[in-house]
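What follows is a protein structure lacking sequence information:
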């Protein structure tokens, strides 16, 4: 069964430094997608970045990049030049394989709490 | 551009009372719609999803139900709330692009007393 594991319940980083949030996944499918979301204290889930299993390049979106290591089944999020506003919960998720229902459900990790220190 | 609305933002209800949470999406057609619940300090639990009007799939057996009376409207209901129904309820939508990323509403914080 598909599974997402985030082993770091909490992380600290100094402002302006880079930080890596770990995510490993388990799937037997060849086609899948990996996502990272940010959840600030307000509660809203914000989509950050997506990596398809067939994408050869690591995904990047501004200060966010996804370190995709397919053989290791890891999809770590790298945040460069951390800002105070980056303090939030971060969730890794994986898209389930396509089925006849075309629902495209996501499988979620338990999240990592990131605190950026001034 | 697409937007998603949820209301109410917060709700305090006594045990045994009914519940109705509403979610509407603007700026897209025939979206997939999702209801999630998040307990304090926990991950997301998918409750229901819908691929079209009147089409509801339930992920977790419980005293909650969902309905989709219109293409861009998704409603979460209960006839009698339990204490365990407390949590943060998030509605989300996705469309049939290759990535199928989901976009979330602001959420409803429900406290059952």
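Done, it's in. Fair warning: this is a prediction, and the values are worked out from it, not measured in the lab.

Tell me how far the most centrally placed residue in chain A lies from residue A:106.
What sits nearest the mean C-alpha location of chain A, by CA atoms, centre = their mean, is residue A:36, with 3.0 Å. Residue A:36 sits at a distance of 11 Å from residue A:106 (criterion: CB to CB, to the nearest Å). Yep, even glycine has a C-beta here, placed from its N, CA and C like the rest.

one step back: how about the residue nearest to the centre of chain A, phi and psi?
Summarising the backbone geometry of residue A:36 under the convention degrees, to the nearest 10, its torsions are phi -130, psi 140.

Touching, it and residue A:49? I think so.
Yes: assessed by CB atoms under 8 Å, residue A:36 is found in contact with residue A:49 at 5.0 Å.

joint contacts of the two?
Applying CB atoms under 8 Å, 6 or more residues apart in numbering or on different chains, one finds that residue A:36 and residue A:49 are jointly contacted by A:64, A:66, A:77.

ok, residue B:78 - contacts?
With the criterion set at CB under 8 Å, 6+ apart, residue B:78 makes contact with B:18, B:19, B:63, B:64, B:65, B:85.

Then residue A:61?
Taking CB under 8 Å, 6+ apart as the contact definition, residue A:61 lies against A:48, A:49.

what's the spacing between it and residue B:13?
As defined by CB to CB, residue A:61 lies at a distance of 39 Å from residue B:13.

go on, residue B:100?
With the distance defined as CB to CB, residue B:100 ends up 33 Å from residue B:13.

quick one: which of these two has more around it?
Under the criterion of other CB atoms under 10 Å in any protein chain shown, the comparison of residue B:100 against residue B:13 puts residue B:100 first, with 20 against 16.

where does residue 59 fall, phi/psi-wise?
As the question left the chain open, I've gone with chain A. When quoted as degrees, to the nearest 10, the phi and psi of residue A:59 stand at phi -70, psi 140.

Chain B, not that one
For residue B:59, the backbone dihedrals are phi -100, psi -30 (criterion: degrees, to the nearest 10).

Could you grab the helix/strand/coil label for residue B:84?
When states are read from DSSP: H, G, I helix; E, B strand; the rest coil, the local structure at residue B:84 comes out as helix.

Would you enumerate the residues in contact with it?
Taking CB under 8 Å, 6+ apart, one finds residue B:112 in contact with residue B:84.

got a pLDDT number for residue A:97?
According to the model's per-residue confidence, residue A:97 sits at a pLDDT of 72.

What number of neighbouring residues does it come out with?
By the measure other CB under 10 Å, the count of residues near residue A:97 is 15.

Quickly note the distance from it to chain B.
11 Å (CB to the nearest CB, to the nearest Å).

For that residue, what is the enclosing helix or strand?
Mapping residue A:97 onto the secondary structure by DSSP states H and E places it in no helix or strand at all.

related to what we said a few turns ago, now the common contact residues for residue A:36 and residue A:106.
Counting by CB under 8 Å, 6+ apart, the residues touching both residue A:36 and residue A:106 are residue A:93.

Show me what the worst-scoring helix or strand of chain A on mean pLDDT is packed up against.
Counting by mean pLDDT, DSSP states H and E, chain A has its least confident helix or strand at strand A:106-108, which shows a mean of 90. Where contact means 3 or more CB pairs under 8 Å, 6 or more residues apart in numbering or on different chains; DSSP states H and E, strand A:106-108 is packed against strand A:3-5, strand A:88-95.

Perfect, I'm done here.
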